[in-house]
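1. A structural model of the following input is requested.
(one chain, ligands or ions: 2)
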Amino acid sequence: MSFRSGSIGLLRAASSRICTVQCGHTQVFGPTARLYTTRSSLSVPSSRASAGRSGSMTAISLERRHYASKRDNYPPKVSLKNNVVDVEHRGRSLKLSAAYLLDHCRCSKCSHAKTKQRLKTLSEVDPNVFISELTPSSDGITVQWHGQDGHTALFPWRFWARLVEAQSPQISSKILWDNKIASKPPSIDYERLMPSSAGEEEAEKAVLEWISKVDQYGFCFVNGVPATPEATEELINRIGTIRQTHYGGFWDFTADMSLGDLAYSSQQLPAHTDSTYFTDPSGLQIFHLLSHPPPGEGGHTLLVDGFKAALQLEHDQPGMYQTLSTVPVPHHASGNQGLMYRTCRPVLTVTHEEGDESLEMVRWNNEDRGVLVDRDGWDEESTVEVWYEAAREFERILRSRENEYWVKLQPGTVCVIDNWRVLHGRSSFTGSRRMCGAYVGRDDWRSRLWTLQRRFSNTQKDDLWDFGW
Ligand SMILES: C[N+](C)(C)CCCC[C@H](N)C(=O)O
Ligand SMILES: O=C(O)CCC(=O)C(=O)O
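-> Residues are numbered from 1 along each chain as shown. Ligands and ions are numbered 1, 2, ... in the order given. Below you'll find the model as predicted:
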């Protein structure tokens, strides 16, 4: 499969469904066997190539997006038969047990209104409980259980609708890209992000736009940042708490080998993700080049969309994708006295949420990779040799010219990277080069994204039924 730059390429995915791809900001491609596809609102420029069945782009979702419930004007159809509740809504249906509904009751006895936590253990939910009655009203359906001291509770219509819609493939806004992203990389202006210059509400809206771009593209530049560590740290705190690691919290570093890692050298660093030796790799990697005065040269930054590369591998070599998703690989950080970090995990983390499969993380760092051991026995078909073949192909895709986006960072431009998706690297350099930045945890930046989405969405504020999805 090849992406023809600058034109509409036709890709015949494994499932023989034809997708069109607009090279540059590659927004679509790949098999649909493993991924949810859904018609997106993206419109395809009139394409020279026939787009086969799908005349329009289909946005491929790589992971479930935070599901934003929609107001539903058509109350779902809810009925009870043989102690099973049948829910039909927008052409989809599901069946719920009486015990499931009792477990999901959010009355004041079952759920804490402030903490949104359950107040019942599973042992307090009788798996054989019976529903004695369903009573519809304008607000929803009141369920009364037989026994359980006559437990009765209202489930609002938005609960029933959201539960059914949560079964369908979630549309994500992930946008895959190749080196053509250079023509228009995602970015936002610093002034818009700071309450002191934009006001609190507008700055919060801008932070939502900023983090949404990181979520969509896997990276985003911030332009016009004062080239100081202080301003950089203040900006990073607009996203969330800086994550402490054995490299400290906020870092300000040069090529002085002050710490036992190649980052503190002037050597070239191939495309990699950081903290592959942590069970929970850093969520965001944030860089700000503060200075690299002449006659210093080099030190260009490399970015590669790991999700695009992984799905390219899945399309071309599904068996290799499977290998990289299953064979655990050791990674370690052993360069600093008295510290030893080691973790053994596959290169690709694929989650199986509710039966669907979605790519969640690319964990790739050849410098920090440890010793491969084959417990199944060494032969030509050994797991290690099969892994090498897949890893070499993946590295070939990562290092292909079409996938490498090189950029020379400048003082004043901060680069925020989703370290679970986008790989970064560096060319070697000469002279005095000063870089600062920090990590932010995955859960922290995703929490900031979801709370801002909720703040600026039209959902009822602090609606107990809006949590825990
Ligand atoms: C702290 N700072 C980002 C400057 C360097 C961190 C070293 C990163 C390490 N090689 C890894 O890939 O996890
Ligand atoms: O110095 C740079 O530009 C990047 C260093 C790096 O890759 C890292 O710290 O992980």
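2. Next, see if stretch 396-416 gets close to ligand 2.
-> No - using C-beta under 6 Å from any ligand atom, stretch 396-416 stays clear of ligand 2, with a minimum separation of 7.3 Å. For glycine as for every other residue, the C-beta is placed from the backbone atoms N, C-alpha and C.
3. And that stretch, what's buried?
-> 397-398, 402-405, 409, 412-416 (16 or more other C-beta atoms under 10 Å).
4. For it, give the mean pLDDT please.
-> Per-residue pLDDT values over stretch 396-416 give a mean of 98.
5. Put the alpha carbons of that stretch into PDB.
-> Output in PDB follows, covering the C-alpha atoms of stretch 396-416 (Å, rounded to 0.1, in the frame of the first residue of the first chain):
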ATOM      1  CA  ARG A 396      11.000   0.700   8.500                       C
ATOM      2  CA  ILE A 397       7.600   2.300   8.400                       C
ATOM      3  CA  LEU A 398       8.500   4.700  11.300                       C
ATOM      4  CA  ARG A 399      11.700   5.800   9.500                       C
ATOM      5  CA  SER A 400      10.100   6.200   6.100                       C
ATOM      6  CA  ARG A 401      10.500   9.600   4.600                       C
ATOM      7  CA  GLU A 402       6.700  10.000   4.200                       C
ATOM      8  CA  ASN A 403       6.200   9.500   7.900                       C
ATOM      9  CA  GLU A 404       9.000  11.600   9.300                       C
ATOM     10  CA  TYR A 405       8.100  15.200  10.100                       C
ATOM     11  CA  TRP A 406      11.200  17.200  10.800                       C
ATOM     12  CA  VAL A 407      11.000  20.600  12.400                       C
ATOM     13  CA  LYS A 408      13.600  23.000  13.800                       C
ATOM     14  CA  LEU A 409      12.000  24.200  17.100                       C
ATOM     15  CA  GLN A 410      12.600  27.800  17.800                       C
ATOM     16  CA  PRO A 411      12.600  29.700  21.200                       C
ATOM     17  CA  GLY A 412       9.000  30.800  21.700                       C
ATOM     18  CA  THR A 413       7.400  27.700  20.300                       C
ATOM     19  CA  VAL A 414       6.400  25.000  22.800                       C
ATOM     20  CA  CYS A 415       5.800  21.500  21.400                       C
ATOM     21  CA  VAL A 416       3.200  19.300  23.300                       C
END
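6. That one near ligand 1 anywhere?
-> No - using C-beta under 6 Å from any ligand atom, stretch 396-416 stays clear of ligand 1, coming no nearer than 12.1 Å.
7. now that stretch: how far from the chain's centre is it?
-> Relative to the centre of its chain, stretch 396-416 is centred 19 Å away, using C-alpha atoms, centre = their mean, to the nearest Å.
8. about what we covered before: and the buried residues of stretch 396-416, which two are furthest apart?
-> I397 and G412 (32.7 Å; C-beta to C-beta).
9. list the contacts for W378?
-> Counting by C-beta atoms under 8 Å, 6 or more residues apart in numbering, W378 touches V384.
10. Can you tell me which residue of the stretch 301-450 of the chain sits closest to ligand 1?
-> Of all residues in the stretch 301-450 of the chain, the one sitting closest to ligand 1 is N365 (5.0 Å; C-beta to the nearest ligand atom).
11. three-state assignment of that residue?
-> coil (DSSP: H, G, I helix; E, B strand; the rest coil).
12. my read: it touches H331, true?
-> Yes - applying C-beta atoms under 8 Å, one finds N365 in contact with H331, separated by 6.2 Å.
13. Common neighbours of the two, please.
-> T276.
14. can you give me the helices for the stretch 351-469 of the chain?
-> Along the stretch 351-469 of the chain, counting by DSSP state H, counting those that start in this stretch, helices occupy 383-398, 442-455.
15. Which positions in the last one come out as buried?
-> To tie it back to what came earlier, the one meant is helix 442-455. 442, 444-446, 448-449, 452-454.
16. Ok, the longest one next?
-> Judged by neighbour count using 16+ other C-beta under 10 Å, the buried positions of helix 383-398 are 383, 386-387, 390-391, 393-394, 397-398.
17. which helices and strands sit right next to that helix?
-> For helix 383-398, the elements it packs on are helix 306-316, helix 318-326, judged by 3 or more C-beta pairs under 8 Å, 6 or more residues apart in numbering; DSSP states H and E.
18. Of those, which stretch is the most buried?
-> helix 306-316 (a mean of 25; mean count of other C-beta atoms under 10 Å).
19. just checking, what packs against that one?
-> Partner elements for helix 306-316 (3+ C-beta pairs under 8 Å, 6+ apart): helix 318-326, strand 356-362, helix 383-398.
20. Show me the contact partners of the first one.
-> So the one you mean is helix 318-326. Looking at what lies outside helix 318-326 - C-beta under 8 Å, 6+ apart - the contacts are 14, 31, 310, 313-314, 346-350, 386-387, 389-391, 393-394.
21. Close to ligand 2: what parts of the stretch 201-350 of the chain are there?
-> 263, 269, 274, 301.
22. Now neighbour count and pLDDT too, for those, in TSV please.
-> Formatted as TSV, these follow (neighbours: other C-beta atoms under 10 Å; pLDDT from 0 to 100):
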residue	neighbour count	pLDDT
A263	16	95
L269	19	98
D274	22	98
T301	19	98
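23. Rebuild those as a markdown table, extending it with secondary structure and distance to N458.
-> Below are those laid out as a markdown table (DSSP: H, G, I helix; E, B strand; the rest coil; distance: C-beta to C-beta, whole Å):
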| residue | secondary structure | distance to N458 |
| --- | --- | --- |
| A263 | helix | 44 |
| L269 | strand | 45 |
| D274 | coil | 38 |
| T301 | strand | 39 |
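24. For the residues you listed, work out which two are farthest apart.
-> Pairwise over those, using C-beta to C-beta, the maximum falls at D274 and T301, 13.6 Å.
25. Could you name every residue contacting both of the two?
-> Joint contacts of D274 and T301 (C-beta under 8 Å, 6+ apart) are H424.
26. just to revisit the earlier point, for H146, state which of the buried residues of helix 442-455 is nearest.
-> Of the buried residues of helix 442-455, the one sitting nearest to H146 (C-beta to C-beta) turns out to be R454, at 36.6 Å.
27. Pull up the per-residue confidence for R90.
-> Looking at R90, the pLDDT reads 89.
28. Would you check how far apart it and L163 are?
-> 12 Å (C-beta to C-beta, to the nearest Å).
29. Of those two, give the one with the bigger neighbour count.
-> L163 (19 against 12; other C-beta atoms under 10 Å).
30. hang on, that one in a helix?
-> Yes - L163: assigned to a helix according to three-state DSSP.
31. which residues touch it?
-> So L163 contacts 87, 94, 96 (C-beta under 8 Å, 6+ apart).
32. That one and L303, how far apart?
-> Distance from L163 to L303, by C-beta to C-beta: 39 Å.
33. do T413 as well
-> 13 Å.
34. same deal with G338?
-> Counting by C-beta to C-beta, the gap from G338 to L303 is 33 Å.
35. And for D418?
-> 11 Å.
36. shared neighbours, the two?
-> F219.
37. Identify the spatial nearest neighbour of S265, chain neighbours not counted.
-> Spatial nearest neighbour of S265, chain neighbours left out: A255 (5.4 Å); criterion: C-beta to C-beta, 6 or more residues apart in numbering.
38. Is it correct that the one you found is in contact with Q268?
-> No - using C-beta under 8 Å as the test, A255 is too far from Q268 to be in contact (11.9 Å).
39. quick one: which of those two has more around it?
-> A255 (20 against 15).
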